[in-house]
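Trainee: I'd like to go over a predicted model; first the sequence, then the structure.
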Amino acid sequence: MTTERRTVDSIPAIPATLVPLAPRKIQEAVEARDALARALSRAGIQLPAMDIRSPWSDEARGALVHLGVCSGPVALALAAVIEQGIPQ
C-alpha cells in the first residue's frame, strides 16, 4: 500500500476528451469514482490513477470509472477488504 494519502479533491478533474459527453453521464461517473475513492480511503487503500474515461464516441454510452493500475500489495489489501465485506 502507498503511504501517500490523497483526498477526493486531489483526484484529477474530468479530462477534456470527455467534455462532449452528456453531463448526466459524466456526473454519474464522477460521483461513483468519488464514492469509491472515499470508501477505499476509509479502508486505508489508495488507487492512485482513478479517473473518468470514455472509449465511445457517442454521448449516449456515457463515461467509465477507470481504476488504473496498482501495486501487488495494494491489490492484496483491496482483496482483503472485499473478502471481509462478503457475508459467509
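Mentor: Great, that's in hand.
Trainee: ramachandran angles for residue 71?
Mentor: The phi/psi pair for residue 71 (degrees, to the nearest 10) reads phi -70, psi 170.
Trainee: sketch out the low-pLDDT regions of the protein for me.
Mentor: Counting by pLDDT under 70, the ranges of the chain that qualify are 1-22, 57-60, 88.
Trainee: what ranges does it have for its strands?
Mentor: Residue ranges of the strands in the chain, as given by DSSP state E, are 51-53, 64-66.
Trainee: and residue 26, which of the ones you listed is closest to it?
Mentor: Shortest distance between residue 26 and the strands of the chain, using C-beta to C-beta, is found for strand 51-53: 6.6 Å. In short, each C-beta sits where N, CA and C put it, glycine included.
Trainee: next, the buried residues of that closest one.
Mentor: Going by neighbour count (16 or more other C-beta atoms under 10 Å), the buried part of strand 51-53 is 51, 52.
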